[in-house]
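[1] Structure for the following, please:
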Amino acid sequence: RSAEYTDHITAQLEALISDYVSRVMLTSRELRSDFLCLAQTVERDDPSAFHMLPQSFPDLLPSLELQISVSGQLTHTNDVRDF
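    Have a look, this model is predicted:
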């Protein structure tokens, strides 16, 4: 398969995963539930700032600005089919 085709399939894969993660985050915000464990990541990166948060992390979750970035790589396309 050509590099152009692989790039096209990879872009589709990245878009699907980004959309899926965005929907998971939307549900997480609506439920005020941190089921992706973002709080643990924030606490690990900056424990003192985390403990100074004015509210619990789940309460802050709906107001957080999140940016989702996905980068994919296909190592082979033998099993890939267009749908």
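
[2] so where do the helices sit in this protein?
    Using DSSP state H, the helices of the chain run over 3-31, 38-45, 47-51, 57-60.

[3] Throw those helices into TSV and include mean neighbour count and distance to residue 68, thanks.
    (C-beta placed from N, C-alpha, C; glycine too.) Shown next, in TSV, are the helices of the chain (neighbours: other Cβ atoms under 10 Å; distance: least, Cβ to Cβ, whole Å):
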stretch	mean neighbour count	distance to residue 68
helix 3-31	13	5
helix 38-45	13	12
helix 47-51	10	21
helix 57-60	14	18
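
[4] Of those helices, give the one that comes closest to residue 72.
    helix 3-31 (4.6 Å; Cβ to Cβ).

[5] how close does the residue nearest the centre of the chain get to residue 27?
    Closest residue to the average C-alpha location of the chain: residue 21 at 4.4 Å, with Cα atoms, centre = their mean. Distance of residue 21 to residue 27, computed by Cβ to Cβ, to the nearest Å: 11 Å.

[6] With residue 73 instead?
    Distance, residue 73 to residue 27, using Cβ to Cβ: 27 Å.

[7] Give the full set of residues in contact with residue 60.
    53-54 (Cβ atoms under 8 Å, 6 or more residues apart in numbering).

[8] repeat that for 10 Å
    Each residue near residue 60 by Cβ atoms under 10 Å, 6 or more residues apart in numbering is listed here: 32, 34, 39, 42, 53-54.

[9] Turn those into JSON lines, columns for pLDDT and distance to residue 16.
    JSON lines is the format used below for those (pLDDT from 0 to 100; distance: Cβ to Cβ, whole Å):
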{"residue": "32", "pLDDT": "87", "distance to residue 16": "26"}
{"residue": "34", "pLDDT": "88", "distance to residue 16": "24"}
{"residue": "39", "pLDDT": "92", "distance to residue 16": "27"}
{"residue": "42", "pLDDT": "92", "distance to residue 16": "27"}
{"residue": "53", "pLDDT": "93", "distance to residue 16": "33"}
{"residue": "54", "pLDDT": "93", "distance to residue 16": "36"}
